[in-house]
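# Quick one, fold the following:
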Amino acid sequence: MYLKFYKDKFSYFTIDNYFTNEEMQVIGPELESFLPQLETDVSRANNDRSSKGVFLPDNLKYNKIANKLLDPNEVELEDYIKADISFRYMRNLLFQTRLLNYYEDQDFYDTHTDWAVYTMVVMLSKTPQKFFGGELVLTDINDTIAFKNNRIVFFPSYANHKVNKVSMPENEMGKGFGRFSITHFFYIPLDEGQIPTINHQSTIDNHGRI
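Model (predicted):
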């Protein structure tokens, strides 16, 4: 994995090559199996998006693999906190939901914020890539993050962000060669008594709880 921190009005980071080749072999077919279930405007009923999406169930192998970002057996959370204090809440995340979005020609997602504490966007595509565009833009700071297969972007959910329009040849459409992204919405409990300490973050179950 290749980790890179950025800091402007707020901090965020990217990780390239997040999944190993072995992990990609597991999660690729699992995620692609949801293509027939995708619905337009799964989260909103207006004209700010044209991609299709579905909320992922809790029992996927993908969930456990993708959660390694917060698994103390995989990473040292204090490294993120030392990089910037805005990542302190990473100690206290309790649960999450995961939204799979799929973009083909002319699909986009306009500027919005998320109702969570942190957002993690996982970018995936088949190789070789058959589309152009689909960049993630953090509009508050005018940072454009190019789409790259096996890249994640982690940022505070209050940040305005959008997905630029995807361009794709007509003969490649409908074959699963578009832009996949899985958005993880991380939350903390409302009751402070339920907040786990750093010592309690030793396992991550299939429900995304830490």
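
# Show me what counts as buried in the longest helix seen in the chain.
Under DSSP state H, the helix in the chain containing the largest number of residues is helix 21-32. For helix 21-32, burial by neighbour count (16 or more other Cβ atoms under 10 Å) applies to 23, 24, 26, 27, 28, 31. For every residue, glycine as well, the C-beta is placed using N, CA and C.

# show me where the chain has strands.
2-7, 11-16, 39-40, 52-55, 95-103, 109-112, 118-124, 132-133, 136-138, 143-145, 151-156, 161-163, 166-167, 179-187 (DSSP state E).

# what sits against residue 89?
Counting by Cβ atoms under 8 Å, 6 or more residues apart in numbering, residue 89 touches 117, 118, 188.

# repeat that with 10 Å
81, 117, 118, 156, 186, 187, 188, 195 (Cβ atoms under 10 Å, 6 or more residues apart in numbering).

# Just the buried residues of those residues.
81, 117, 118, 156, 186, 187, 188.

# Let me see the contact set for the fourth one.
Put plainly, it is residue 156. 10-12, 86-87, 89, 113-114, 116-119, 138.

# Could you identify the buried members of the residues you listed?
Here, 16+ other Cβ under 10 Å leaves 11, 12, 86, 87, 89, 114, 116, 117, 118, 119, 138 buried among those.

# returning to what we had before: which pair of the buried ones among the contacts of residue 89 spans the longest distance?
81 and 187 (18.5 Å; Cβ to Cβ).

# Look up how far residue 12 lies from residue 32.
28 Å (Cβ to Cβ, to the nearest Å).

# repeat for residue 86
9 Å.

# what's the answer for residue 131, then?
Here residue 131 is placed at a distance of 24 Å from residue 12 (Cβ to Cβ).

# Mind pulling up the pLDDT for the closest residue to residue 13 other than its chain neighbours?
Nearest in space to residue 13, with sequence neighbours left out and distances taken as Cβ to Cβ, 6 or more residues apart in numbering, is residue 5 at 4.7 Å. What the model reports as pLDDT for residue 5 is 81.

# and residue 5, what does it touch?
Here residue 5 is in contact with 11, 12, 13, 14, 79, 80, 83, 84, 87, 154 (Cβ under 10 Å, 6+ apart).

# And the closest residue to residue 163 other than its chain neighbours, how close does it get to residue 99?
Nearest residue to residue 163 in three dimensions, chain neighbours excluded: residue 109, at 4.0 Å (Cβ to Cβ, 6+ apart). As judged by Cβ to Cβ, residue 109 and residue 99 stand 11 Å apart.

# swap in residue 68?
19 Å.

# Ok, residue 146 next?
Relative to residue 99, and taking Cβ to Cβ, residue 146 is found at 21 Å.

# check contacts around the residue minimising distance to the centre of the chain.
In the chain, the centroid-proximal residue (Cα atoms, centre = their mean) is residue 121; its distance is 2.0 Å. Residues counted as contacts of residue 121 (Cβ under 10 Å, 6+ apart) are 14, 99, 101, 114, 136, 145, 151-155, 161, 163, 181-184.

# beta partners of it?
For residue 121, the beta-bridge partners under DSSP bridges are residue 153, residue 183.

# Can you give me the distance of it to residue 22?
Distance from residue 121 to residue 22, by Cβ to Cβ: 22 Å.
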